[in-house]
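In: coordinates only, sequence not included:
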C-alpha cells in the first residue's frame, strides 16, 4: 500500500470527517478501505472509485488514472474496476 493512503484516511477521521467519497486513487485504496472496514487501521469510512478514466493520459496521473480509447474500452475498464472491488 502507498503510505499516504492510510494516513490520509486516518487524518480525515482525526479531523471529524467520518465518511469520504474518493473519486480517483491508485487501486491500493481498495485494500485501505477493506482494512478500515475490518477495524485493522483507523480511518474514515471510504467509498472508492479506483483509478480515473481519462480520454487523454497525462503522465502526472501515473497510478491514479488510466486512458480510455472509446466506449468499448471505457466499458471494459469499468468492468475491471468493479471486479477489483471498487464501490
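Out: Now that the structure is in, tell me what you want to look at. Computed from a prediction, not measured in an experiment: that's the story for all the values here.

In: Any buried residues in the longest helix seen in the chain, and which?
Out: For the chain, the longest helix by residue count, based on DSSP state H, is helix 71-83. By neighbour count on 16 or more other C-beta atoms under 10 Å, the buried set for helix 71-83 is 77, 81. Just so you know, the C-beta spots here come from the backbone N, C-alpha and C atoms, and that holds for glycine as well.

In: what's in contact with it?
Out: 49-51, 53, 66, 68 (C-beta atoms under 8 Å, 6 or more residues apart in numbering).

In: Quick one: the strands in this protein, in order.
Out: Counting by DSSP state E, the chain has strands at residues 19-21, 45-47, 52-54, 65-67.

In: what bits of this protein have low per-residue confidence?
Out: By pLDDT under 70, the weakly predicted segments of the chain are 1-3.

In: do that again at 80, thanks
Out: Applying pLDDT under 80 to the chain flags the ranges 1-4, 57, 61.

In: For stretch 12-32, measure first residue to last.
Out: 13 Å (C-alpha to C-alpha, to the nearest Å).

In: leaving aside the residues next to it on the chain, what's closest to residue 54?
Out: residue 65 (4.6 Å; C-beta to C-beta, 6 or more residues apart in numbering).

In: residues in contact with that neighbour?
Out: Listed by C-beta under 8 Å, 6+ apart, the contact partners of residue 65 are 24, 51-54, 57-58.

In: Identify the bridge partners of it.
Out: Residues in a beta bridge with residue 65, per DSSP bridges, are residue 52, residue 62.

In: Tell me the backbone dihedrals of residue 22, please.
Out: phi -90, psi 130 (degrees, to the nearest 10).

In: which one is it nearest to, not counting chain neighbours?
Out: Here the residue nearest residue 22, using C-beta to C-beta, 6+ apart, is residue 48, at 4.6 Å.

In: so the one you found makes contact with residue 25?
Out: Yes. Here residue 48 reaches residue 25: they are 6.5 Å apart, a contact under C-beta atoms under 8 Å.

In: And the residue nearest to residue 54, how far from residue 82?
Out: When distance is defined by C-beta to C-beta, to the nearest Å, residue 65 is 17 Å away from residue 82.
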